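Q: Provide a 3D model corresponding to the input given below.
(one chain, ligands or ions: 2)
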Amino acid sequence: MHDAKPAVVRLVNISKQYEDEAAPIVALRDISLEIGRGEFVAVMGPSGCGKSTLLHILGGMDRPTRGEVWLQDIPLHTCDEESLTRVRRTRVGFVFQFFYLLPTFTVEENVGLPLLLSGRNHAGPKIAALLERVGLANRRKAMPHQLSGGEMQRVAIARAVIHEPPLLLADEPTGNLDSENGARVLDLLRGISAESGTTIVMATHSEAAAECATRVIRMKDGLVI
Ligand SMILES: Nc1ncnc2c1ncn2[C@@H]1O[C@H](COP(=O)(O)OP(=O)(O)OP(=O)(O)O)[C@@H](O)[C@H]1O
Ligand SMILES: [Mg+2]
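A: Numbering: from 1, shown residues only. Ligands and ions are numbered 1, 2, ... in the order given. Just a heads-up that it's a prediction; the model follows:
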């Protein structure tokens, strides 16, 4: 027996070129990497180096120009749109810099959205437990505009993990928060990864954020360096 754990995500010779500009833009150049279960990876590098593009390709939100993207046993590079949508809904959670909560939905409705979209009922207890976990049990009926930035991001994190995805992608999740709220969000991400084995890939400009990670990937001009 050998103890090689299957990777949660695997990129093989990934390149991404955007063609819709006057001159083509190469965002990713021949990137290969593997990330395992429970890893918390920070992706760092200057603005425009390809961090968000990398996250989008990992999560099936964008397609590579060349190369293979595997999410567990699924080859995303060969999926049609319908199966990509299904993969995003079931196996991936997303957290963004600007939260993107639905403004006319309450906190608990926002958190329950991924379950609603996949037709799962009786989500009440699960939503309540998760709101307790992110410290917002008492705000479940609040509307997003009644929350602070840090609270909104914790709601967004709860929404991103309620369907227990193996992969959580976070694009500058602390980029819009003060250091105290940023630290709380990072604590939460670290806890989620440790408790449930969720693999997290987080793009960040913050060295403090990267210190929470178990691995740091540095990028420059579309390359991992
Ligand atoms: N839809 C698009 N069309 C054309 N070019 C794009 C598109 N999206 C990104 N790019 C270009 O690809 C390169 C990588 O962009 P990306 O958003 O991945 O960078 P980033 O590392 O996330 O930067 P930041 O730290 O500013 O968020 C940049 O040169 C950007 O201008
Ligand atoms: Mg970005």
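
Q: going forward, measure contacts and count neighbours with C-alpha atoms only.
A: OK.

Q: Does Ala203 touch Ala42 like I think?
A: Yes. Assessed by C-alpha atoms under 8 Å, Ala203 is found in contact with Ala42 at 5.8 Å.

Q: what residue lies at the spatial centre of this structure?
A: Against the mean C-alpha coordinate of the chain, by C-alpha atoms, centre = their mean, the closest residue is Leu169 at 1.2 Å.

Q: Quick check: residues of this protein near ligand 1?
A: By C-alpha under 6 Å from any ligand atom, the residues of the chain that approach ligand 1 are 18, 25, 27, 46-53.

Q: swap the cut-off to 5 Å and go again
A: Selection of the chain residues close to ligand 1 by C-alpha under 5 Å from any ligand atom yields 18, 27, 47-53.

Q: ok, and the closest non-adjacent residue to Arg139?
A: Nearest non-adjacent residue to Arg139, counting by C-alpha to C-alpha, 6 or more residues apart in numbering: Val107, 7.0 Å away.

Q: show me the residues around that neighbour that make contact.
A: Residues in contact with Val107, defined by C-alpha atoms under 8 Å, 6 or more residues apart in numbering, are 139-144, 155.

Q: From those, which land in helices?
A: Within these, residues falling in helices by DSSP state H are Val155.

Q: which among the contacts of Val107 end up buried?
A: With burial judged by 16 or more other C-alpha atoms under 10 Å, the buried subset of the contacts of Val107 is 139-140, 143-144, 155.

Q: ok, Leu186 - contacts?
A: If you count contacts by C-alpha under 8 Å, 6+ apart, Leu186 has them with 174, 209, 212.

Q: Buried subset of those, written for PyMOL?
A: The PyMOL command for the buried members of those (criterion: 16+ other C-alpha under 10 Å) is given here:
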select buried, resi 174+209+212
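
Q: need the contacts of Leu186 in TSV with secondary structure and pLDDT, can you?
A: Below are the contacts of Leu186 laid out as TSV (DSSP: H, G, I helix; E, B strand; the rest coil; pLDDT from 0 to 100):
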residue	secondary structure	pLDDT
Thr174	coil	95
Ala209	helix	91
Cys212	coil	91
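
Q: what's the closest of the contacts of Leu186 to ligand 1?
A: The nearest member of the contacts of Leu186 to ligand 1, counting by C-alpha to the nearest ligand atom, is Thr174 at 12.6 Å.

Q: Find the residue closest to that closest one in space, skipping its chain neighbours.
A: Leaving aside its sequence neighbours, Thr174 sits nearest to Gly182 (C-alpha to C-alpha, 6+ apart; 4.9 Å).

Q: Can you report how many residues neighbour the one you found?
A: By other C-alpha atoms under 10 Å, 21 other residues sit near Gly182.

Q: how much space between it and Val9?
A: 26 Å (C-alpha to C-alpha, to the nearest Å).

Q: what do you get for Phe99?
A: According to C-alpha to C-alpha, Phe99 stands 24 Å off from Val9.

Q: Ok, Glu180 next?
A: 31 Å.

Q: Of the two, give the one with the bigger neighbour count.
A: Shown here are Glu180 and Val9; by other C-alpha under 10 Å, Val9 has more neighbours (22 against 11).

Q: what pLDDT does the more buried one get?
A: Note for Val9: predicted pLDDT of 97.

Q: I'm done for today, thanks for sticking with me.
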